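# Quick one, structure for this:
(chains A and B)
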Number of protein chains: 2
Amino acid sequence: MAKEKKAPRPRAQTPKGFRDYFGTEVTERAHMLHTIAGVYHRYGFEALESSAVETVEALGKFLPDVDRPNEGVFAWEDDDDGWVALRYDLTAPLARVYAQHRNDLPTPYRRYAMGPVWRNEKPGPGRFRQFYQCDADTVGAPSVAADAEICAMLSDTLEEVGIPRGDYLVRVNNRKVLNGVLETMGLSDDAQQQAVLRTIDKFDKVGESGVRELLGKGRLDASGAYIDGVGLSDDQAAPVLAFLTSKGTDAGATLANLRAAIGGSAIGAEGVDELEQIATLLDAGGYGSTRIEIDPSVVRGLGYYTGPVFEAELTFEILDEKGRKRQFGSVSGGGRYDDLVKRFTGQSVPATGVSIGVDRLLAALRAKGRIGGTAQGPVVVTVMDKDRMADYQAMVAELRNAGIRAEVYLGNPKNFGNQLKYADKRESPVAVIEGGDEKDRGVVQIKDLILGAKLAQSASLEEWKERPSQYEVPRDQLVAKVREILSQWA
Amino acid sequence: MAKEKKAPRPRAQTPKGFRDYFGTEVTERAHMLHTIAGVYHRYGFEALESSAVETVEALGKFLPDVDRPNEGVFAWEDDDDGWVALRYDLTAPLARVYAQHRNDLPTPYRRYAMGPVWRNEKPGPGRFRQFYQCDADTVGAPSVAADAEICAMLSDTLEEVGIPRGDYLVRVNNRKVLNGVLETMGLSDDAQQQAVLRTIDKFDKVGESGVRELLGKGRLDASGAYIDGVGLSDDQAAPVLAFLTSKGTDAGATLANLRAAIGGSAIGAEGVDELEQIATLLDAGGYGSTRIEIDPSVVRGLGYYTGPVFEAELTFEILDEKGRKRQFGSVSGGGRYDDLVKRFTGQSVPATGVSIGVDRLLAALRAKGRIGGTAQGPVVVTVMDKDRMADYQAMVAELRNAGIRAEVYLGNPKNFGNQLKYADKRESPVAVIEGGDEKDRGVVQIKDLILGAKLAQSASLEEWKERPSQYEVPRDQLVAKVREILSQWA
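Presented below is the predicted three-dimensional model:
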């Protein structure tokens, strides 16, 4: 008879594209979300938390056209609701929430939401299938004052999380201006319009001359492959290039250039007027061009949004993984999308909003050394005599009641060296020692571990022998002495 | 030819068993999680955030024995990882994380985690398929000092979130004592042991006499159905009842009763010793029996855990949905589980921890009126002249820069009544008005909406006419006057 096979042990492994976050990675993010929520709240936005799971029908973008509709989303079939999926952003759920609860919500409805979203995409370096978004949207406000407000709030938010003025720029563009340009060009063919939109999207990468080639005959790309062009003449392409490069020395010059680029288009003029109103409103609020500027070279999202679009960029340089200097780039984007609620209700509802990439913003602050480093660990009360655990617990209770982070060593206390190694691994600033001798004399030993580590690196034997990093104090001065040492390293 | 059918509009509906959380529901929970994290941190615990998605293999409890292994969990098949699922608690992921990262983690490893978990169960009133948990666990510490620490931390946490001493009790029991009782009874038959465990679990509901009947011949339940008993004689059942009812007037009396109940069992004696050590450690830390007590009637989780078990109960009464008084009951539970990591590594790793039901705790604080009520809305700057939006934006910018929550009205400003209705819906404390006349005279009107509402309810016509709830102040005193009004209602 064949021997029964023993079940193999399960692998202890996160699914591909997912990861665990430890310690300060978690608390720094929580702190940032808390700060951002504070700004959003001050602007009158209300918190909303919808569930992670939505019906595929409500999410909309990924309706099932095959048996398994999991293109881009994580989806499964539920007994009660048919196909459901994890949300892939926070905007699609907002449209569902607004449609579902619109009779109870104020109009306009300002809301913010923060939390993980999930994408069923191939993971890559730094790209995960679960990541945080932090959104603010105003639903039901047609006025560009709502867009201007979002831009001002984005600017305030960046400063409040630690990006100083000058290190960021919120850039604003408008889809309607581009529509005006397309109208002026006489491009009525939808396929050709789409081709122009796709080309504009490459402006960031290939620049003005690249876009000119791609709008015309085509272009050899860096890999040597030939990319077919849209086939416009130079004259036809001129308005697009005029649009993309119309940024002047100030908002007035930019707006004048844009008016030239749109020719006689009515929708284009509406777009330029909107940008002008936004600039005026922001100036009145103290958000001048060092913080927010009109910039027609913002092309990300022009295909998706219906009116103003915004992008926040960090303007300082960091070193990339290969040690090359590069600008940090975009940390946030948004714009006006006026048709999202209509899917549900049939009525058009104007909406505008922004999404902040919290994880990218944290990476930026880390790259600049503004957060990160190692957080201070707890004071460790060592265990010299395991029958006196109650004494040690009383010590940590005293320290904690004084607001000091502290713990008693809970591993096997036999080997004292292991206890100090543990304190080291925990980045503990202070260790407390009370052996039988100390107990009898009513004292405790307090080791300043940070000073100890410094001495170990640089002190002479003489200095070392004097052990100036360890203090003996009466038991009732435990809290005071620990506090004194901590205050030196705060 | 048949007319093409128009696609029906999607339903704007959360999936069954899920819900949306608005405004203070979100911020009060965030505030509570922040407070709890602060206590956990002070105790030396480190934050951990694992992903919502785990392989079904790693989650373990729900291995696929059918084509679709979604009993109790939300699971789907992934191209890369086979069956994956949403986590159903925070303990199973901890075991996976510890096994995966154990070489980089300190031992013992104290960690806390907070976030949503998902259960694929039939939803009911107040029971949702996504809810928050907030856990703290110590992995790698065999000593009951770790269990005592968890109990102390639980007590501190409850007080810090707003449950005063006297309104809660942390109750501690020990599975080993029960094992000793079963040993004394000579119950070696596994099926009979399981039947006794299941019966003990009903002690909360049916009380001493009910358990006696169920351990013996059986019992008529409230619905009139007859429940078969385990079939023990009264003599055999006696030790179980002695165990369950062994709580004395103080810890010493309880422990003495327990020693009697376990007879000569070695494992039972170990359990009683552990409870005694826990009581001693907690006393030393200042956690006397008004906060934490040994209570052998704690039966929840006795089947699941391997050593000490704990439960936090709120002892005050609330009115249930039918207006009847009842004790609020349990908000947290935990205990020692020593074999969870072993599945992955083959090595036994001792662990103990606690889970706080954050949503239940919030419900308790709301029932006591300690949180909730309506949060104050923003100051609303009304729009009297839509061409002067920049003026109004400048006002809100001033107010926000002074730290005051404020917004400009972004709906259609034509109907002023709608603006005040909006302010009312937003629970705004103050509305600001600046029409053309005020602009010319360099003043603004400031309406105290809270006082206005009070007057509207109770004032005489004379009082009302004097309009004492509206003030005219110079434009440059806007912030000062708003702050003065807000300070009265803070």
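
# Could you find the closest non-adjacent residue to residue A:34?
Leaving aside its chain neighbours, residue A:34 sits nearest to residue B:34 (7.0 Å; criterion: CB to CB, 6 or more residues apart in numbering or on different chains). Heads up, the C-betas are built off the backbone N, CA and C, glycines and all.

# ok, now residue A:413?
The nearest residue in space to residue A:413 (CB to CB, 6+ apart) is residue A:383, at 3.8 Å.

# what about the strands in the stretch 101-250 of chain A?
A:109-118, A:130-139, A:168-174, A:218-220, A:226-228 (DSSP state E, counting those that start in this stretch).

# In a markdown table, list those strands along with mean neighbour count, distance to chain B and mean pLDDT.
Shown next, in a markdown table, are the strands of the stretch 101-250 of chain A (neighbours: other CB atoms under 10 Å in any protein chain shown; distance: least, CB to the nearest CB, whole Å; pLDDT from 0 to 100):
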| stretch | mean neighbour count | distance to chain B | mean pLDDT |
| --- | --- | --- | --- |
| strand A:109-118 | 23 | 7 | 97 |
| strand A:130-139 | 23 | 5 | 96 |
| strand A:168-174 | 25 | 15 | 96 |
| strand A:218-220 | 15 | 35 | 87 |
| strand A:226-228 | 12 | 31 | 87 |
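
# mind showing which ranges of chain A have poor pLDDT?
By pLDDT under 70, the weakly predicted segments of chain A are A:1-6, A:61-71, A:373-374, A:459, A:461, A:463-467.

# Return the residues in contact with the residue nearest to residue A:413.
By CB atoms under 8 Å, 6 or more residues apart in numbering or on different chains, the contact list for residue A:383 reads A:389, A:392, A:408, A:409, A:413, A:419.

# switch to 10 Å and redo it
A:389, A:391-392, A:408-414, A:416, A:419, A:433-434, B:143, B:145 (CB atoms under 10 Å, 6 or more residues apart in numbering or on different chains).

# And residue A:364, by the same measure?
Residues in contact with residue A:364 (CB under 10 Å, 6+ apart) are A:158, A:161-163, A:167-168, A:314, A:316, A:318, A:328-329, A:331, A:357, A:370-371.

# ok, now residue A:333?
Taking CB under 10 Å, 6+ apart, we find residue A:333 in contact with A:154, A:171, A:298, A:300-301, A:304-305, A:309-313, A:354-357.

# again, only this time at 7 Å
Residues near residue A:333 by CB atoms under 7 Å, 6 or more residues apart in numbering or on different chains: A:300, A:301, A:310, A:311, A:355.

# Over to the residue in the stretch 101-250 of chain A positioned nearest to chain B: give its phi and psi.
Residue nearest to chain B within the stretch 101-250 of chain A (CB to the nearest CB): residue A:141, separated by 3.8 Å. Backbone torsions for residue A:141, taken as degrees, to the nearest 10, come to phi -120, psi 110.

# just checking, it touches residue B:409?
No. The criterion here is CB atoms under 7 Å, and residue A:141 misses it with residue B:409 at 9.2 Å.

# Which one's more surrounded, those two?
Just comparing residue A:141 and residue B:409: by other CB atoms under 10 Å in any protein chain shown the higher neighbour count belongs to residue B:409, 27 against 24.

# any idea how far the more buried one is from residue B:393?
To residue B:393, residue B:409 is 11 Å away according to CB to CB, to the nearest Å.

# Residue A:328 now?
Noted for residue A:328: a distance of 29 Å to residue B:393, by CB to CB.

# The two: which is more packed in?
Set residue A:328 next to residue B:393 and count neighbours by other CB under 10 Å: residue B:393 wins out with 24 against 21.

# Shouldn't the more buried one be within a strand?
No. Looking at residue B:393 with DSSP: H, G, I helix; E, B strand; the rest coil, it is helix, so not inside a strand.

# Can you verify my assumption that it contacts residue A:283?
No. Residue B:393 lies out of contact with residue A:283 (CB under 7 Å); the separation is 9.5 Å.

# Quickly run through the sheet partners of the helix or strand containing residue A:432, with directions.
Using DSSP states H and E, residue A:432 falls within strand A:430-433. When pairs are called by DSSP bridges, strand A:430-433 turns out to pair with strand A:379-381 (parallel), strand A:443-448 (antiparallel).

# So residue A:18 sits against residue B:52, correct?
No. Using CB under 7 Å, residue A:18 is not in contact with residue B:52; the gap is 8.4 Å.

# where do the contact lists of those two overlap?
Common contacts of residue A:18 and residue B:52 (CB under 7 Å, 6+ apart): residue A:130.

# ok, the residue of the stretch 301-450 of chain A found nearest chain B - contacts?
Nearest to chain B in the stretch 301-450 of chain A, going by CB to the nearest CB, is residue A:407, at a distance of 3.3 Å. Applying CB under 7 Å, 6+ apart, we find residue A:407 in contact with A:378, A:380, A:396, B:43, B:44, B:110.

# Next, the contact list for the last one, please.
In this case it means residue B:110. A:407, B:44, B:45, B:46, B:138.

# cool, the third one as well?
The contact partners of residue A:396, by CB under 7 Å, 6+ apart, come to A:381, A:406, A:407, A:408.

# quick one on the thing from earlier: relative to residue A:272, which of the contacts of residue A:333 is nearest.
Nearest to residue A:272 among these, counting by CB to CB, is residue A:310 at 16.3 Å.

# So the closest one sits against residue A:354, correct?
Yes. Residue A:310 is in contact with residue A:354 according to CB under 7 Å; the separation is 6.5 Å.

# Looking at the two, which is more packed in?
Using other CB under 10 Å, the more surrounded residue of residue A:310 and residue A:354 is residue A:310, with 29 against 24.

# what pairs with the more buried one across the strands?
Bridge pairing for residue A:310 - DSSP bridges - gives residue A:172, residue A:334.

# Alpha carbons only: can I get stretch A:270-279 in PDB?
C-alpha atoms of stretch A:270-279 as PDB (Å, rounded to 0.1, in the frame of the first residue of the first chain):
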ATOM      1  CA  GLU A 270     -14.900  79.300 -22.500                       C
ATOM      2  CA  GLY A 271     -11.900  77.300 -21.500                       C
ATOM      3  CA  VAL A 272      -9.600  80.300 -21.400                       C
ATOM      4  CA  ASP A 273     -12.200  82.300 -19.500                       C
ATOM      5  CA  GLU A 274     -12.300  79.600 -16.900                       C
ATOM      6  CA  LEU A 275      -8.600  79.500 -16.500                       C
ATOM      7  CA  GLU A 276      -8.600  83.300 -16.100                       C
ATOM      8  CA  GLN A 277     -11.300  83.100 -13.400                       C
ATOM      9  CA  ILE A 278      -9.300  80.400 -11.600                       C
ATOM     10  CA  ALA A 279      -6.200  82.500 -11.700                       C
END
